[in-house]
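# everything below, folded, please.
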Amino acid sequence: MVTTLGTAQDEQRIDDLEGESWKNYMLHYNFPPFSVGEVGFFRGPGRREIGHGALAERAIKPVIPEDDLFPYTIRVVSDILESNGSSSMATVCGGSLALMDAGVPISRAVAGVAMGLIMEGDSYAILTDISGIEDHLGDMDFKVTGTRTGITAFQMDVKIPGITREVMKQALEQARRARMKILDFMDGTISAPRSEISPYAPKIIQIKIPIDKIREVIGPGGKMIRHIQDETGAKIDIDDDGTVQIAAVDKEAGDKALEMINAITEEPEVGKVYKGIVKSIVPFGAFVQILPGRDGLLHISELERRRVQRVEDVLKLGDEVNVKIIGIDREGKIRLSRKVLL
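Purely as a prediction, here's the structure:
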């Protein structure tokens with residue numbers, strides 16, 4: 001079993017009769033011929049692979065965290081190396097363990113077991129965890145998956161006209177007991193998701209920005225967002241509702257991209273101190289950029305505690321200077337002071 005974590009750009013796009021949708025959790029099941037001692041070609045997935053993979057995927061899906069809690073694309077791959085029984089139920093157990101080991105905060109462990117039935121007249125025996133020969137010669141293949149608190153999925157194949165309520169009740173009870181036993185063994189290996197994801201997985205930071213700030217973060221023709229990505233090495237995705245996902249190979253790159261986005265979307269506040277850059281000098285003061293695209297006027301009277309004759313005596317173009325916002329008028333013009341910080 002292998003769990004791979006990716007970004008929103010790795011989601012699977014599905015185009016079907018109901019329209020286009022996106023899928024951020026996938027489980028793929030591979031069943032090569034050698035797993036049952038056969039020789040054959042490796043072709044695309046067949047009926048068995050698709051069916052078993054769909055069952056295992058649905059079995060685990062109820063415990064997968066929501067996007068806002070864990071904004072990753074999750075892919076689980078099960079490679080069956082040997083099969084004598086229910087490899088789909090082994091996939092459910094292995095998939096649950098792999099997700100925990102990868103640090104995915106699933107709500108509970110999930111296990112599965114296949115139940116069988118041998119019926120002769122009015123006599124019957126319900127089998128737990130059937131092997132291949134019992135599946136082939138038996139009268140039922142009843143797969144049940146779930147957690148300690150309930151069932152998440154089941155699938156039944158029967159080779160007889162039907163089964164009674166009593167048989168179903170007994171089969172579900174035996175499956176519950178077997179599931180608890182399997183979960184005990186799984187808990188002995190790993191009982192909770194790891195507190196941190198793998199260092200090889202991308203680090204994702206998710207924030208929300210005002211919708212009217214999306215255009216500023218993207219920039220004309222995507223210039224601003226490309227600049228942030230080129231400078232930090234992070235990948236940035238922005239949804240129409242203002243949700244921003246920052247994916248980076250390390251924390252430092254992600255934090256730098258976050259800082260740059262926050263600077264673009266930040267609203268200036270009176271009383272706040274900024275480190276600005278002198279963009280232009282005029283006889284009555286200097287215009288200082290405190291945020292991307294936001295300048296404020298640092299009046300000559302606010303440069304020093306003493307009287308200043310010329311702005312150039314204190315500042316020059318490109319200087320970094322600490323300033324404090326002392327006022328914002330109704331038109332949004334910002335007044336700065338350096339004097340109050342001295």
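# tell me which stretches of the stretch 1-150 of the chain form helices.
Taking DSSP state H, counting those that start in this stretch as the test, the helices found in the stretch 1-150 of the chain are 47-60, 87-101, 132-137.
# and of those helices, who's closest to residue 295?
Closest to residue 295 of these is helix 87-101 (CB to CB; 49.4 Å). Just so you know, the C-beta spots here come from the backbone N, C-alpha and C atoms, and that holds for glycine as well.
# got the contact list for the closest one?
Helix 87-101 is contacted from outside by 1-3, 27, 29, 31, 35, 52-53, 55-56, 59-60, 63-64, 74, 76, 78, 80, 106, 109-114, 143, 145, 182, 186, 189-190, 192-194, using CB atoms under 8 Å, 6 or more residues apart in numbering.
# got it, and stretch 276-290?
Counting by CB under 8 Å, 6+ apart, 268, 274, 295-300, 302-303, 311-312, 315-323, 325, 334, 336 sit against stretch 276-290.
# tell me the average confidence for that stretch?
In this model, stretch 276-290 has a mean pLDDT of 92.
# with mean neighbour count as extra columns, can I get the helices of the stretch 1-150 of the chain in CSV?
Listed next are the helices of the stretch 1-150 of the chain as CSV, based on neighbours: other CB atoms under 10 Å:
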stretch, mean neighbour count
helix 47-60, 19
helix 87-101, 23
helix 132-137, 13
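# mind checking which of the ones you listed is nearest residue 7?
Taking these one by one with CB to CB, helix 87-101 is closest: 17.6 Å.
# which SS class is residue 228?
helix (DSSP: H, G, I helix; E, B strand; the rest coil).
# do a quick rundown of the strands in the stretch 151-300 of the chain.
151-158, 203-208, 235-238, 243-248, 273-282, 285-291, 294-299 (DSSP state E, counting those that start in this stretch).
# need these in TSV (columns: distance to residue 172 and mean neighbour count).
Compiled in TSV, these are given as follows (distance: least, CB to CB, whole Å; neighbours: other CB atoms under 10 Å):
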stretch	distance to residue 172	mean neighbour count
strand 151-158	8	16
strand 203-208	40	16
strand 235-238	44	19
strand 243-248	42	22
strand 273-282	65	16
strand 285-291	62	21
strand 294-299	65	20
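# quick one: mean pLDDT for stretch 257-270?
For stretch 257-270, the mean per-residue pLDDT is 87.
# equivalent analysis for stretch 200-209, please.
Stretch 200-209 comes out at a mean pLDDT of 89.
# quick check: end-to-end length of that stretch?
28 Å (CA to CA, to the nearest Å).
# relative to residue 209, which of the helices of the stretch 1-150 of the chain is closest?
Closest among the helices of the stretch 1-150 of the chain, using CB to CB: helix 87-101, at 30.3 Å.
# touching, residue 302 and residue 337? I think so.
Yes: counting by CB atoms under 8 Å, residue 337 is a contact partner of residue 302 at 4.0 Å.
# what touches both of the two?
residue 326.
# center of this structure - which residue?
By CA atoms, centre = their mean, the chain has its centre lying nearest to residue 72, at 1.5 Å.
# residue 37 versus that residue, what's the distance?
Remark: distance between residue 72 and residue 37 (CB to CB, to the nearest Å) = 38 Å.
# over to residue 292?
On the measure of CB to CB, residue 292 and residue 37 end up 64 Å apart.
# okay, those two: which has more neighbours?
Between residue 292 and residue 37, residue 292 has the larger neighbour count (other CB atoms under 10 Å), namely 16 against 8.
# ok, now which ones touch the more buried one?
Counting by CB under 8 Å, 6+ apart, residue 292 has contacts 216, 224, 260, 263, 264.
# can you list these in a markdown table and add distance to residue 168 and neighbour count?
Output for these, formatted as a markdown table (distance: CB to CB, whole Å; neighbours: other CB atoms under 10 Å):
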| residue | distance to residue 168 | neighbour count |
| --- | --- | --- |
| 216 | 61 | 16 |
| 224 | 61 | 19 |
| 260 | 60 | 21 |
| 263 | 62 | 14 |
| 264 | 60 | 19 |
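# looking at these, which is nearest residue 231?
So of these, ranked by how close each gets to residue 231 (CB to CB), first place is residue 260, at 7.5 Å.
# I figured the closest one hits residue 225, correct?
No: Residue 260 lies out of contact with residue 225 (CB under 8 Å); the separation is 9.9 Å.
# okay, the closest residue to the residue nearest to the centre of the chain other than its chain neighbours: pLDDT?
Computed as CB to CB, 6 or more residues apart in numbering, the closest residue to residue 72 that is not its neighbour in sequence is residue 5, at 4.6 Å. In this model, residue 5 is scored at 93, pLDDT.
# again with residue 243
Each residue has a pLDDT score; the one for residue 243 is 90.
# quick check: it vs residue 237, distance?
According to CB to CB, residue 243 stands 8 Å off from residue 237.
# longest helix in this protein, by residue count?
Identified as the longest helix of the chain according to DSSP state H is helix 165-189.
# ok, the nearest residue to residue 191 once chain neighbours are set aside - how many residues close by?
Spatially, and ignoring its direct neighbours in sequence, residue 191 is nearest to residue 109 (7.5 Å; CB to CB, 6+ apart). Residue 109: 23 surrounding residues under other CB under 10 Å.
# same thing with residue 77?
Using other CB under 10 Å, residue 77 is surrounded by 17 other residues.
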